[in-house]
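J.: Make a model of this:
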Amino acid sequence: MEAFSDGVLAIIITIMVLEIKVPHGHELSDLKPLGPILLSYILSFIYLGIYWNNHHHMLQTVEKVTGGILWANLHLLFWLSLVPFVTGWLGENKFSSTPMALYGVVLLMAAIAYYMLQMQIIRSQGEGSKLAKAIGKDAKGKISPVLYVIGIAFSWMNPAISGALFVLVALIWLVPDKRIERIFW
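T.: Numbers count the residues shown, from 1 in each chain. Sure thing, here's the model as predicted:
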């Protein structure tokens, strides 16, 4: 399951970078129109990296993979597979309202799917499992969906605030999460 997930994430990142079109000029100024596209790519790359890192750590706690865990994992991969589409739309439209809202919806749904996978693993492994002990109160996991919902709501009023909230969530998760590592080391 981990190898399959790693492969899917690698393909998602590859698709994202292939969507960035090379400018026809040879001056640095020819890159300027790509600014929003590159910014949306960087943010999405960071998000995918965060998911890959945390997914890897979470799977280290799994002792037995069940059908429910497999389906929950596919659910997460489905939402992550939409990241290249919303990233491209967001960048091509210079962070306008509707693409920003849809970007937030995909981030929210990926967060929900990750939570569902986490809960499926705990249900399978038991309340005393390594993962259950590691996540504890899960403040980051609870605040992230709230920030996504607020960001989605703001996308029609002020897309810059939405973008800032989505960056904030990435920054919250960019700080390495040591909860699972503490269980193993």
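J.: correct me, but Val149 touches Leu107?
T.: No: under the criterion of Cβ atoms under 8 Å, Val149 is not in contact with Leu107, lying 10.4 Å apart. Yep, even glycine has a C-beta here, placed from its N, CA and C like the rest.
J.: These two - which one has more neighbours?
T.: Each of Val149 and Leu107 has its neighbours counted (other Cβ atoms under 10 Å); Leu107 has more, 28 against 14.
J.: if you average pLDDT over the longest helix anywhere in the chain, what comes out?
T.: In the chain, assigned by DSSP state H, the helix with the most residues is helix 97-125. For helix 97-125, the mean per-residue pLDDT is 97.
J.: list the buried ones in that helix?
T.: Under the neighbour-count criterion of 16 or more other Cβ atoms under 10 Å, helix 97-125 has 99-118, 120-122, 124-125 buried.
J.: next one: that helix to chain centre, how far?
T.: Put simply, helix 97-125 sits 8 Å off its chain's centre (Cα atoms, centre = their mean, to the nearest Å).
J.: Mind checking what helix or strand follows it in sequence?
T.: helix 130-135 (DSSP states H and E).
J.: Enumerate the positions of that following helix that are buried.
T.: For helix 130-135, a neighbour-count test (16+ other Cβ under 10 Å) marks 130-132, 134-135 as buried.
J.: repeat for stretch 16-30
T.: Judged by neighbour count using 16+ other Cβ under 10 Å, the buried positions of stretch 16-30 are 16, 19.
J.: for it, the distance to its chain's centre please.
T.: Offset of stretch 16-30 from its chain centre (Cα atoms, centre = their mean): 25 Å.
J.: Against Val106, how distant is the residue positioned nearest the centre of the chain?
T.: When Cα atoms, centre = their mean is applied to the chain, the residue found nearest the centroid is Tyr47 (4.1 Å). Per Cβ to Cβ, to the nearest Å, Tyr47 is found 10 Å from Val106.
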